[in-house]
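>>> Whatever this is, show me its structure:
(chains A, B, C and D)
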There are 2 protein chains.
Amino acid sequence: MSTPPRHEGEIYGTGTPTREAVDRIASRWTVLITHVLEGGPTRFNDLKNRLGVSGQVLARTLRDLERDGLVARRVYPEVPVRVEYELTSLGGTMCPVVREIRQWAELTAEAIGEARAAYDRGQRS
Amino acid sequence: MSTPPRHEGEIYGTGTPTREAVDRIASRWTVLITHVLEGGPTRFNDLKNRLGVSGQVLARTLRDLERDGLVARRVYPEVPVRVEYELTSLGGTMCPVVREIRQWAELTAEAIGEARAAYDRGQRS
DNA sequence: CCGTATCCAACTTGATACTG
DNA sequence: CAGTATCAAGTTGGATACGG
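Numbers count the residues shown, from 1 in each chain, chains lettered A, B, ... in the order given. Below is the predicted model of the structure:
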């Protein structure tokens, strides 16, 4: 008596592992951070400046990524301290996916903009 | 004297077309809806039940997708009315990307769960 | 059946200030 | 330099009720 899912929502339902994995990779910051880290280990402020994100948000996102085993954090006990982040081997598996996401976005950004303009034009009578 | 971007944030900065495209595809609902629509035209309530999402959110997401030219809306003037949604050809270009996102999520969900458990174990002394 | 209008809870983002 | 704490503001998700 197996109980096959009635809804796709069950396998991707809130709180399921696959849903959380989707949420992780389908996140603006994960995509952008992974893109930078693909170039090698990167320091906190470096990441911050390259992405133009607030320190708050960056710190939280990096902690989440570290928690999920996707990013490794390395502290060099110098003065002042230096901290570098890099992709783990698990995190490296995101690279092809992220690359496709970015490619799709760049390729279709213009068409989407036009569709949006046309839609908005048609809405206001 | 071209002025190459100093920040990656410039090309993916808030409000830029590429950033909006990333946000569109890197969204939980886009991924799930596209996955269902890949199977052919689907009715509103069908989508709602399969995904386990509230009607409110589904309606908003579908309208946004239609506005971006990714999804087409077809109304059959029956009683009661029947409405079907399907991917446009532009929307169809999301399929390979979405498929990769889902595959990655399913493949790594377990590893991520373990990493998370290990991390949480190490945090509380 | 297919939405929209309203209202509300929860989460996200960011600015600022402060610690090691 | 690398964070954390706190607070303010915006966005998202959902429940419910009602209109086409």
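
>>> is the longest helix seen in chain A up against chain B anywhere?
For chain A, the helix reaching the highest residue count under DSSP state H is reported as helix A:94-123. Yes - counting by Cβ under 8 Å from any Cβ of the partner chain, chain B has neighbours in helix A:94-123: A:94, A:96-97, A:100-102, A:104-116, A:118-120. (Each C-beta comes from the backbone N, C-alpha and C, glycine too.)

>>> Buried members of the residues you listed into ChimeraX, please.
Buried residues among these (16 or more other Cβ atoms under 10 Å in any protein chain shown), as a ChimeraX selection:
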select /A:94,97,100,101,102,104,105,108,109,111,112,115,116
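
>>> quick one: the strands in chain A?
A:42-43, A:71-76, A:82-87 (DSSP state E).

>>> So which elements touch the shortest one?
For strand A:42-43, the helices and strands in contact under the criterion 3 or more Cβ pairs under 8 Å, 6 or more residues apart in numbering or on different chains; DSSP states H and E are strand A:82-87.

>>> Have a look at chain A and report the helix or strand with the lowest mean pLDDT.
Each helix and strand of chain A was given a mean pLDDT (mean pLDDT, DSSP states H and E); the minimum falls on helix A:8-11 at a mean of 68.

>>> Report the central residue of chain A.
Centroid-nearest residue in chain A: residue A:30, 1.6 Å away (criterion: Cα atoms, centre = their mean).

>>> got a list of what the nearest residue to that one once chain neighbours are set aside touches?
Spatial nearest neighbour of residue A:30, chain neighbours left out: residue A:24 (6.0 Å); criterion: Cβ to Cβ, 6 or more residues apart in numbering or on different chains. Shown in contact with residue A:24 (Cβ atoms under 8 Å, 6 or more residues apart in numbering or on different chains): A:30, A:64, A:65, A:68, A:70, B:105, B:112.

>>> now swap in residue A:97 and tell me
Shown in contact with residue A:97 (Cβ under 8 Å, 6+ apart): A:25, B:100, B:101, B:104.

>>> again, only using 6 Å
B:100, B:104 (Cβ atoms under 6 Å, 6 or more residues apart in numbering or on different chains).

>>> That one and residue B:105, how far apart?
9 Å (Cβ to Cβ, to the nearest Å).

>>> What of residue A:122?
Residue A:122 sits 36 Å away from residue B:105, going by Cβ to Cβ.

>>> Could you do residue A:115 as well?
For residue A:115, the distance to residue B:105 - Cβ to Cβ - is 28 Å.

>>> Repeat that for residue A:85.
Counting by Cβ to Cβ, the gap from residue A:85 to residue B:105 is 22 Å.

>>> How about residue A:32?
Residue A:32 sits 19 Å away from residue B:105, going by Cβ to Cβ.

>>> Run a quick neighbour tally on the nearest residue to residue A:71 once chain neighbours are set aside.
Distances taken as Cβ to Cβ, 6+ apart place residue A:65 nearest to residue A:71, at 4.0 Å, with adjacent residues excluded. Number of residues near residue A:65 (other Cβ atoms under 10 Å in any protein chain shown) recorded here: 25.

>>> Which pLDDT does the model give residue A:65?
pLDDT for residue A:65: 96.

>>> my read: it touches residue A:73, true?
No - judged on Cβ atoms under 6 Å, residue A:65 makes no contact with residue A:73 at a distance of 9.3 Å.

>>> ok so, going back, quick one, the longest helix of chain A and strand A:82-87 angle?
80 degrees (axes from the mean of the first three to the mean of the last three Cα atoms, to 10 degrees).

>>> does helix A:94-123 come close to DNA strand D?
No - residues of helix A:94-123 are not located near DNA strand D by Cβ under 7 Å from any atom of the strand, the shortest gap being 14.8 Å.
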